[in-house]
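Trainee: 3D model of this:
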Amino acid sequence: MSLTAGRPEVVLRQFAEDDLDAFAEMNADPVVMATIGPVADRAASELLLRRIAAHHEEHGFGLWCVDLDGECAGFCGLTRPWFRDGVEIGWRLRSKFWGRGIASESARSVLDRAFGPLGLEEIISFTAASNTRSRRVMEAIGLARDLDGDFDHPAIAEGDPLRPHVLYRIDRGRYRALREPNRPAASWTEPEPPR
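Mentor: Residues are numbered from 1 along each chain as shown. Next up is the predicted model:
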């Protein structure tokens with residue numbers, strides 16, 4: 001998917017072994033992880049990549065690598081949260097790629113796939129209440145806050161400022177009504193998942 005004139009092409013694809021260095025760098029960056037949780041070492045990043053691959057295998061979708069001209073910029077995709085029902089859209093980018101609209105454009109392409117070939121009816125997203133960057137992306141791609149759905153994340157200790165989470169939602173009808181009709185689809189380097 002091309003973002004705008006002069007920007008590199010963004011492709012959403014499966015992760016490859018040679019993405020590990022960039023992926024581990026992102027997860028070890030205290031700036032990136034400030035509103036997500038503790039920084040991760042390389043072994044934890046390797047484990048997360050294995051979990052991402054297993055999620056794809058089990059569900060036919062997952063987190064995709066956001067590839068900018070052959071470089072892993074982070075991830076964007078869909079997961080089934082372990083502690084609640086629904087399919088969540090999420091993203092994480094290396095800090096050097098922030099502020100370019102890459103997360104929003106990647107997320108719109110993931111929503112195209114979620115409500116298109118995957119045939120999903122609703123997508124949720126949640127983040128720490130203090131994560132204003134991700135909340136702006138959620139709003140930019142059309143998700144609406146569910147005030148009754150805010151919650152304390154069960155994996156984060158009481159008293160931790162990251163524990164209070166906000167919940168956003170979008171359903172197929174709302175997304176179709178909001179989607180720009182002439183926006184190009186993303187470039188994908190994997191086959192379409194089965195219906």
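Trainee: need the contact list for residue 65.
Mentor: By C-beta atoms under 8 Å, 6 or more residues apart in numbering, the contact list for residue 65 reads 12, 13, 14, 15, 16, 19, 72, 74, 75. Glycine gets a C-beta too; all of them are placed from N, C-alpha and C.
Trainee: What's the local residue count around residue 123?
Mentor: Applying other C-beta atoms under 10 Å, we find 25 residues neighbouring residue 123.
Trainee: Give me the sheet partners of the helix or strand bottoming out on mean pLDDT in the chain and which way each runs.
Mentor: Of all helical and strand segments in the chain, the minimum by mean pLDDT, DSSP states H and E falls on strand 187-188, at a mean of 70. Applying DSSP bridges, strand 187-188 is found paired with strand 10-13 (parallel).
Trainee: can you pull the buried residues of the strand it pairs with?
Mentor: The neighbour-count check on strand 10-13 (16 or more other C-beta atoms under 10 Å) flags 10, 11, 12 as buried.
Trainee: Figure out how far that strand is from the centre of its chain.
Mentor: 12 Å (C-alpha atoms, centre = their mean, to the nearest Å).
Trainee: Please name every helix or strand in contact with the helix or strand that comes right after it.
Mentor: Beyond strand 10-13 in the direction of the C-terminus, DSSP states H and E gives the next helix or strand as helix 20-27. Packing partners of helix 20-27 (3 or more C-beta pairs under 8 Å, 6 or more residues apart in numbering; DSSP states H and E): helix 42-59, strand 71-79, strand 88-93.
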